[in-house]
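> sequence first, predicted coordinates after that:
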Amino acid sequence: MLENVRNNYGSQAIPLKVERGLYIGVLAPGVLYLRGDLNEDEFPLHEIVHENFKEKIGKHLIDITFGRDNAKTDLFPESSKYLIWLDVMYNQEDLKVLNEFIELLNDLSQSVRFEDEKIALPSYQPNYVPNPYTHYKISIVGEGFFKEKLDKRDSVKEQILKDRKGRAVALVRKDQMILLNDLLKDERRYFLVKGLLFSMGFHGESSSPDSFFNPGNTCQINLSDLDKEAIRLMYGGRLQSGLDVDGIRKALGMGYKD
């Protein structure tokens, strides 16, 4: 029975084992399958499930953090509050998407905060001394200007985001995203979120069907529960920039078994 469950769920199924190697169940998305002959006193199931879920979050975090362009973590610094700055073309839907996502990020992050009372618009002129904000600029531009920026790209500081057809649609760096203006509504929403998360250090992908980081999900902006927990873990204060995969595993107390 349990083996069938594992086969049906594939990589989404997490086998539950105790220290002696005894196989006692399977943790699948939204469902826990357990053997029916277990003694709670001998097998503390709540602790076992908790530890396996922590391991699952850690593995997901590693998947969505490391891509082809990065070997180490690169988080937003814990500095002043971040302010999103739409410095050229935008529409009301862009504002709605960003406001909702900023609110979510502030709920998930303990180490980095975004200004949630406003998004700076093209007329914004910083005149604070000292400036209380770290700016994250989003420039939504026409095809000609985008191509010009693409041709002059600094390959060390700027990464290219592509749509499902392989077309370059965004240039992303630590403090700025340049987004192509002619994207359809759902893709535009997706890449607004994708670009910001990429700048925050999430360069990888997930094979989980409901994950925002699944490369097939370019028309959704909802994060799965596992995505949210991974972001919460990344910006929960235990991790820092400069960690490789082994460094994350060590920091989170993760095992090294598959």
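Thanks, I have the structure now. Numbering: from 1, shown residues only.

> any idea how far residue 157 is from residue 122?
When distance is defined by C-beta to C-beta, to the nearest Å, residue 122 is 23 Å away from residue 157. For every residue, glycine as well, the C-beta is placed using N, CA and C.

> no wait, residue 133
From residue 133 to residue 157 the distance is 21 Å (C-beta to C-beta).

> those two - which one has more neighbours?
Set residue 133 next to residue 157 and count neighbours by other C-beta atoms under 10 Å: residue 133 wins out with 18 against 12.

> go ahead and confirm the more buried one touches residue 113.
No - taking contacts as C-beta atoms under 8 Å, residue 133 lies outside contact range of residue 113: 10.6 Å.

> which strands and helices sit next to the longest strand seen in the chain?
Across the chain, the strand with the greatest residue count (assigned by DSSP state E) is strand 133-141. On a contact count with 3 or more C-beta pairs under 8 Å, 6 or more residues apart in numbering; DSSP states H and E, strand 133-141 meets strand 81-86, helix 92-108, strand 176-180, helix 185-199.

> chain center to the last one, what's the gap?
From the chain centre to the centre of helix 185-199 is a distance of 11 Å (C-alpha atoms, centre = their mean, to the nearest Å).

> between it and helix 92-108, how many degrees?
Relative orientation of helix 185-199 versus helix 92-108 (axes from the mean of the first three to the mean of the last three C-alpha atoms, to 10 degrees): 40 degrees.

> who's in contact with residue 177?
Residue 177 makes contacts with 136, 137, 138, 139, 170, 171, 192, 195, 196, 199, as judged by C-beta atoms under 8 Å, 6 or more residues apart in numbering.

> mind doing that once more with 10 Å?
By C-beta atoms under 10 Å, 6 or more residues apart in numbering, the residues touching residue 177 are 84, 136-140, 158, 161, 170-171, 191-192, 194-196, 198-199.

> buried members of these into ChimeraX, please.
In ChimeraX, this line selects whichever of the contacts of residue 177 come out buried by 16 or more other C-beta atoms under 10 Å:
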select :84,136,137,138,139,140,158,161,170,171,191,192,194,195,196,198,199
